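Peer 1: quick one: sequence and predicted model below, then my questions.
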Amino acid sequence: MIARRAAWLLAALFLLFSPAFPASAQKTVDELCRTHNVGGEEDIRRIERAYVAAVKSGISEDILLPFVEDILRHKLDCGQMVRVLDVTVRLREADLPYFVVFSKVREGVAKEAPPVRVVEAAEAKYKTLSESRDVLNSLGSLGYSIRDPQNAAVIVSSFIERGYAPAEIVLQIRNKGIQGGGFAALSGVVEKPVKRKER
């Protein structure tokens, strides 16, 4: 059930961030900062540098520019904006699902959460996704095959957010398997290949 829900969330996020939703009439980061009254020139240059780093990491501007505008509209200050973009770049460079942070930030914006809470939520998501990568690497060393790393990272991070320690997840799966350990949501995205008997 959780695996199906996570797969649906991933599909919805990809549709939401597809080129069918064009960037804000190709405004520049500089124009967006000025429109939303971001501080002085130095602040704008810092945000531009963080934006360029995100683009260089492989995030499409068609996805990134509307996201930046959403953040600016929510009145994050320069430092907060740079922190969110930095988290996004680090996830992208680690080949982790950075778009989950986009979703988390937009959720905070929609709920009109204080900007500092929005940034903390993004950084907390980065932490659990990074821990999920460590869990998946450990499972790989135990002979499990990670069929869908992005989806698996989202699912494992959701277990961590519910209070499971990464080492506990690995230990339970090692001792009892995915189903027996209580992590059935990982079935299909993480599997232990069946060993064929030698003839």
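Peer 2: Here it is on my side, so go on.
Peer 1: the strand or helix carrying E168 - contacts with which helices or strands?
Peer 2: According to DSSP states H and E, E168 maps onto helix 166-180. Contact analysis of helix 166-180 by 3 or more Cβ pairs under 8 Å, 6 or more residues apart in numbering; DSSP states H and E lists helix 115-141, helix 149-161 as its packing neighbours. To be clear about C-beta, it is placed using only N, CA and C from the backbone, and glycine gets the same treatment.
Peer 1: okay, those helices, which one's buried deepest?
Peer 2: Among the helices and strands packed on helix 166-180, ranked by average contacts under mean count of other Cβ atoms under 10 Å, first place goes to helix 149-161 (a mean of 22).
Peer 1: related to what we said a few turns ago, got the helices and strands packed on helix 166-180 as TSV, with distance to R45 and mean pLDDT columns?
Peer 2: What follows is these, written out as TSV (distance: least, Cβ to Cβ, whole Å; pLDDT from 0 to 100):
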stretch	distance to R45	mean pLDDT
helix 115-141	20	94
helix 149-161	33	95
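Peer 1: save those as a markdown table, and put in distance to G177 too.
Peer 2: Formatted as a markdown table, the helices and strands packed on helix 166-180 follow (distance: least, Cβ to Cβ, whole Å):
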| stretch | distance to G177 |
| --- | --- |
| helix 115-141 | 11 |
| helix 149-161 | 15 |
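Peer 1: of all these, which one is nearest A167?
Peer 2: With respect to A167, and counting by Cβ to Cβ, the nearest of the helices and strands packed on helix 166-180 is helix 115-141 at 8.3 Å.
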